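>>> Here you go, sequence then predicted model.
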Amino acid sequence: MRVTMLKVLALTAVIAVVAPACATRGFVRTETAVVDAKVDSLAGTVEETQERTLQNGERIGEVDQRAMAAGQAAQMSQAAADGAAMAAEAVEGRVDAIEAMAGRLIFEVTLSEDQGNFQSGRADLPDAARARIDQLIGQLRADARNEFIEIEGHTDSTGGANRNMALGMQRAEAVKRYLYEQHNVPLHKMNTFSYGEDRPAAPNNTAQGRSQNRRVVIRVRT
């Protein structure tokens, strides 16, 4: 009986010692699980935040690239506009220079077949054309200006283009020679050139139109 009581007391002591230990380990396991859950949750939140940050960074990069491209396009457009403006100014300057060199037009006389009697394929200066030139010189002498004379030769479309270009020049040279020989106009004050058939005054599909295109144009400038 005494032995039995001792065994009971010993068992009770063991339970008293072991029970708190078991309770402590259970508590630790519970708390650890709670902490692990919080850590996992926090880790997930951090990953989501990092992912959003990465996406935002990519969007910002795209916006920056678009803004840079837009800025470059604007610069190119401005450069093109500036270039066009400079080109226009250059053209205007050349036109002004040409006009200044050409001088002011004071007389213009056209010697076509009905006035100058230029025959098809011929460069001879007819009497009617000579009379019209004499009249022009009379006007110039009366006005007494420092003039420069431009003489253009033209043809109809009959024949080849090269032949017509040469024929137009021959007609212009015939007028120049007459002015020099008969009216003592200095050669350095006259300039001749040919347009051949390139600048018709009328359609070449009729006889009347072709007669108007066989002509010499004399322009007097100061």
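Received the coordinates, thanks.

>>> Would you map out the domains in this protein?
1-102, 103-221 (automatic domain parsing).

>>> lowest-confidence stretch among the ones you listed?
Confidence, taken as mean pLDDT, is least for domain 1-102 of these (a mean of 60).

>>> I figured residue 222 was touching residue 149, is that so?
No. With contacts defined as Cβ atoms under 8 Å, residue 222 does not count as touching residue 149, sitting 10.9 Å away. For every residue, glycine as well, the C-beta is placed using N, CA and C.

>>> And the closest residue in space to residue 201 that isn't next to it in sequence, which helix or strand is it part of?
In this structure, residue 201 finds its nearest non-sequential neighbour in residue 212, 4.9 Å apart by Cβ to Cβ, 6 or more residues apart in numbering. If you go by DSSP states H and E, residue 212 is part of helix 207-213.

>>> and residue 140, how many neighbours does it have?
For residue 140, the tally of surrounding residues (other Cβ atoms under 10 Å) stands at 16.

>>> nope, residue 172 is what I was after
When neighbours are defined as other Cβ under 10 Å, residue 172 has 25 of them.

>>> Could you do the one 10 residues further on as well?
Using other Cβ under 10 Å as the criterion, residue 182 is surrounded by 12 other residues.

>>> Then residue 222?
Residue 222 - counted by other Cβ under 10 Å - has 13 other residues nearby.

>>> Also residue 178?
17.

>>> Next up, the contacts around it.
125, 130, 133 (Cβ atoms under 8 Å, 6 or more residues apart in numbering).

>>> again, only using 6 Å
residue 125 (Cβ atoms under 6 Å, 6 or more residues apart in numbering).

>>> shift numbering so it begins at 36
Fine by me, first position is 36 from now on; the one you just mentioned is residue 213.
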